[in-house]
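# I would like to see how this sequence folds:
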Amino acid sequence: MFNLKIIKTYHFLRIIQVVIKFIPFLFIPNVLSIDDYASYSLITAVVTLSLFFLGLEIWYLYNRNINANLTSLGNSDVINEQLSNYLFSYLLFIPCILLYVNTINLHNGLLIIGICCFTHACQEFSRILIHLKALNYSAIISVVQASWVLVLPFGVVNDLFELLFFIFIFSVIPFFISCYFLFKLGVVINLKKIFSFNFNVFFSTIKEIKMLFLGAVFIKLGVFFPRFLLDYLDSNSFLAVLSFYQSLALVQEFFIYTLIQSKYVPILLGESDKSKKITVRKKYFKYNCISIVFLLVTGSIGSILFAYVFLDNPIYFKLYPLAIICFTSNAILCFSNYYASLLYCEKLDWSHKYSGIVCLIGTIIIMLLILPFGVEFVYLAVMFLLVFSLLLLFFRFYLWNRVSVFNCGVGL
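The predicted structure is shown next:
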């Protein structure tokens, strides 16, 4: 169980990170042109999807092993093997990502690749630190990585390249801080082991993790598909507005993950007593629901007022219904993540694959049925998000209540 003082410090640092994450929404829409902001939003989608291919969701498997193995030597072996697999996936997928970036005419390709690599490395180090029970170290890494936004109020960012450059710099700095924290915790990073590729281990790991990886990719495709659709339709103004409200709504998921999910999931993984697990799940369910409802109400209203008061371009406020739909969709997605976490803790990994692919296909079918009714593309895009989130919630809820041997009622 985590020390109460550590948890309070961790929550304080994470709240700082949440506050920092709002700064881009205040400055970027006014700093960048509508076309550059559309390109920036597409880059964020590319980076987010790239993280899945660079990491292949291997962390699901290795972080569970880190949690189960409490010795420094054992953890070092697990982490070195994990990092070796990541290095191989980098060599495999970086050329593909660079080719795709050039295909969709995004400039600054090498800078985007650098952001992808260091962002992924910091993300994985942060997860490792959480499972090593070093919550404060993990929070510090995330806060430093998010601190690139602090340069925005000083007027040093005037175009997209300068913005990407600062994002890159603030991805490199926490990478080295993470290495120091791991060293301080007694984790020995063995470069010889990392660079000595073991193809049998890599492909064995991929075979074991493929269901979780495919599920994660399908889910992220469902979340970001509307952005690529609007980009294909050459609707930069609609893409910019949708990306603005969707990015604000995604802060909900970040808040829930950092303050709720990252606290209770390691506890559930380390707990073997059935009655204690049920108690933890009840607390997790309670605080998850309260947080989601609070963030839905305050977030949707606050984002509309924010667009009206602070943003110079009136199109952001004119399309305010997008804010309500985006926040509602993401609230439903956050609620479904509760059941995904329970399935993950019980090692029911196959469910993750099927929930992603079934819900994505189901959403596409429903959207094709709606298409003949002449709905505007921008509203069709956000309806896609809403339908996908609802299907994901129902499917994960159904799977949990059907297959979990520890289930003892709705929401547990």
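# correct me, but residue 256 touches residue 334?
Yes. Between residue 256 and residue 334 there is a contact under CB atoms under 8 Å: 4.8 Å. Yep, even glycine has a C-beta here, placed from its N, CA and C like the rest.
# Could you pull out the residues contacting both of the two?
Common neighbours of residue 256 and residue 334, using CB atoms under 8 Å, 6 or more residues apart in numbering, are 288, 292.
# between these two, who's got more neighbours?
Higher neighbour count among residue 256 and residue 334: residue 334, with 27 against 23, using other CB atoms under 10 Å.
# tell me what the strand or helix carrying that one is packed against?
Per DSSP states H and E: residue 334 is located in helix 321-345. Secondary-structure packing of helix 321-345 (3 or more CB pairs under 8 Å, 6 or more residues apart in numbering; DSSP states H and E): helix 236-256, helix 262-270, helix 274-310, helix 350-370, helix 377-403.
# Give me the angle between it and helix 236-256.
40 degrees (axes from the mean of the first three to the mean of the last three CA atoms, to 10 degrees).
# Now helix 321-345: average pLDDT?
Mean pLDDT, helix 321-345: 89.
# how far off helix 274-310 does it point, in degrees?
Using the same axes, to 10 degrees: helix 321-345 against helix 274-310 is 160 degrees.
# tell me which residues in helix 321-345 are buried?
322-345 (16 or more other CB atoms under 10 Å).
# Of all the helices and strands packed on helix 321-345, which one is nearest residue 81?
Among those, the nearest to residue 81 by CB to CB is helix 262-270 (18.9 Å).
# Could you list the alpha-carbon positions for the closest one in PDB?
Extracted in PDB, the C-alpha atoms of helix 262-270 (Å, rounded to 0.1, in the frame of the first residue of the first chain):
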ATOM      1  CA  SER A 262      -2.600   5.000 -11.600                       C
ATOM      2  CA  LYS A 263      -3.400   4.900  -7.800                       C
ATOM      3  CA  TYR A 264      -5.700   1.900  -7.800                       C
ATOM      4  CA  VAL A 265      -4.500  -0.300 -10.600                       C
ATOM      5  CA  PRO A 266      -1.100  -1.100  -9.000                       C
ATOM      6  CA  ILE A 267      -2.900  -1.900  -5.700                       C
ATOM      7  CA  LEU A 268      -5.200  -4.300  -7.500                       C
ATOM      8  CA  LEU A 269      -2.300  -5.900  -9.300                       C
ATOM      9  CA  GLY A 270      -0.400  -6.400  -6.000                       C
END
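# how far off helix 321-345 does it point, in degrees?
20 degrees.
# Could you list every helix and strand in contact with helix 262-270?
Secondary-structure packing of helix 262-270 (3+ CB pairs under 8 Å, 6+ apart): helix 59-68, helix 109-131, helix 274-310, helix 321-345.
# Let me have those in TSV, adding distance to residue 102 as columns.
Putting the helices and strands packed on helix 262-270 into TSV (distance: least, CB to CB, whole Å) gives the following:
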stretch	distance to residue 102
helix 59-68	29
helix 109-131	6
helix 274-310	33
helix 321-345	30
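# For those helices, state which one has the densest average packing.
Neighbour counts (mean count of other CB atoms under 10 Å) averaged over each of the helices and strands packed on helix 262-270 peak at helix 321-345, with a mean of 23.
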